[in-house]
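Novice: next come a sequence and a model predicted from it.
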Amino acid sequence: MAGQGHDHGDGHDHGHGHDHTEPPSDEALRVKALESLLVDKGLLDPAAVDAVIDQYETKIGPRNGARVVARAWADPDFKRRLLENASEAMKEVGVSGLQGEDMVVLENTARVHNLVVCTLCSCYPWPVLGLPPNWYKSAPYRSRVVRDPRGVLDEFGTKLGDGVEVRVWDSNAEIRYLVLPERPAGTEDMDEAALAELVTRDSMIGVAMALSPE
Ligand code: FE
């Protein structure tokens, strides 16, 4: 894990006086040391480690967020509570774990497309999305998404109409953003579990749309 650069506990605090919620650096270092030892001894396959990390980045981690989004699509009252006070509303679906930060949910509509970044480091709504992908932590994403959000969206294969306003939200140690993607067309008859399958990690960061039902 540490070899992938997940050891973000680097003490950045955005000047707000408290640390990030990612693992502390000594913990990350221990993990890295252990991983190196196991690989050296032939007990651990680095490819297997990468596969586990991929699971947490793209599958297991974002499932909480997907459940939140699916509930919001299916239940207008929940959606209203979610947009008013996300941290509280998420407890209704069993999601908690924030350590003093506020969670804010941003609703994408036909007119407004929200996109999330942490320009200073990699603040991320981990209770709902799990581990951040490497690109989210990369300097090019962090700087370019502010200057040229449409260009970045284009690279993710996300095309927006000219009339759509793009809003970029900068996460920090106090506020973590989650995008509520638009509910795809043709999903009127789907239940929450089926809807959740359409909700990708990238759609909740705002670089992609939710999937269309096949
Ligand atoms: Fe950060």
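Specialist: Thanks, I have it. Numbers count the residues shown, from 1 in each chain.

Novice: which is the next helix or strand following the longest helix seen in the chain?
Specialist: Across the chain, the longest stretch assigned as helix under DSSP state H is helix 25-40. Counting by DSSP states H and E, the element after helix 25-40 in chain order, helix or strand, is helix 46-54.

Novice: CA-only coordinates of that following helix in PDB, if you can.
Specialist: Provided in PDB are the C-alpha atoms of helix 46-54 (Å, rounded to 0.1, in the frame of the first residue of the first chain):
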ATOM      1  CA  PRO A  46       3.700  -7.100  -5.500                       C
ATOM      2  CA  ALA A  47       1.100  -7.700  -8.200                       C
ATOM      3  CA  ALA A  48      -1.200  -9.200  -5.600                       C
ATOM      4  CA  VAL A  49      -0.800  -6.100  -3.500                       C
ATOM      5  CA  ASP A  50      -1.700  -3.900  -6.400                       C
ATOM      6  CA  ALA A  51      -4.800  -6.000  -7.000                       C
ATOM      7  CA  VAL A  52      -5.900  -5.600  -3.400                       C
ATOM      8  CA  ILE A  53      -5.300  -1.800  -3.600                       C
ATOM      9  CA  ASP A  54      -7.300  -1.700  -6.800                       C
END
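
Novice: now do the buried residues in that helix.
Specialist: Under the neighbour-count criterion of 16 or more other CB atoms under 10 Å, helix 46-54 has Val49, Ile53 buried. C-beta here means a position set from N, CA and C on the backbone, and glycine is covered the same way.

Novice: and the longest helix of the chain with helix 46-54, angle?
Specialist: With axes from the mean of the first three to the mean of the last three CA atoms, to 10 degrees defining the directions, helix 25-40 sits at 140 degrees from helix 46-54.
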